[in-house]
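**Student:** My questions are about this predicted structure, shown below with the sequence.
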Amino acid sequence: MLKTKLQEVLSELSEESRRIRDPETKRRLYLLKYVAGSKKSVSKACGAVGASRSLFYKCANILIKKRSVEALKPLSRRPKKSPNLTKPAVVKKVCGLKKIYPYYGPKRISFYLKKAFK
């Protein structure tokens, strides 16, 4: 049942799938096309391509729900917030000191930063 739905969606998106540039999205789309067109079981077809069944089911469900090839793009793994990020005021002060006094090293800049942000 999933394979037939997937074949329908893939036929609708054939034009959109030709314009893909992202290699990971291409790989996922190839996996879906191969498994959907294969007469083998999902497990054997995924094994032939070198992908896991869970990846196939995840991508297939996403493609069926969203009906867009763009939905197959991998999500960013970059953290939304960085707890160790230096405050913008400190960065501005360091850059300002380095412009005015390019010969100051880390110890002297640290001294002036401690003095400025007490």
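**Tutor:** Good, I have the coordinates.

**Student:** Dihedrals phi and psi, residue 48?
**Tutor:** The phi/psi pair for residue 48 (degrees, to the nearest 10) reads phi -70, psi -30.

**Student:** and it, what does it touch?
**Tutor:** 34, 38, 40 (C-beta atoms under 8 Å, 6 or more residues apart in numbering). (Each C-beta comes from the backbone N, C-alpha and C, glycine too.)

**Student:** From residue 17, how far out is it?
**Tutor:** From residue 48 across to residue 17, the span is 21 Å (C-beta to C-beta, to the nearest Å).

**Student:** go on, residue 33?
**Tutor:** With C-beta to C-beta as the criterion, residue 33 and residue 17 are 8 Å apart.

**Student:** Between these two, which contacts overlap?
**Tutor:** residue 10.

**Student:** for the chain, what spans make up the helices?
**Tutor:** Here the chain has its helices, by DSSP state H, at 2-12, 14-17, 23-37, 42-49, 53-66, 88-100, 106-116.

**Student:** residues of the helix or strand bottoming out on mean pLDDT in the chain that come out buried?
**Tutor:** Here the helix or strand of the chain ranked lowest by mean pLDDT, DSSP states H and E is helix 14-17, holding a mean of 84. Neighbour-count burial for helix 14-17 flags residue 17 (criterion: 16 or more other C-beta atoms under 10 Å).

**Student:** hmm, who's touching that helix?
**Tutor:** 10, 29, 68, 69.

**Student:** With stretch 63-72 instead?
**Tutor:** So stretch 63-72 is contacted by 2, 5-6, 9-10, 12-13, 16-17, 20, 25, 28-29, 32, 59, 62 (C-beta under 8 Å, 6+ apart).
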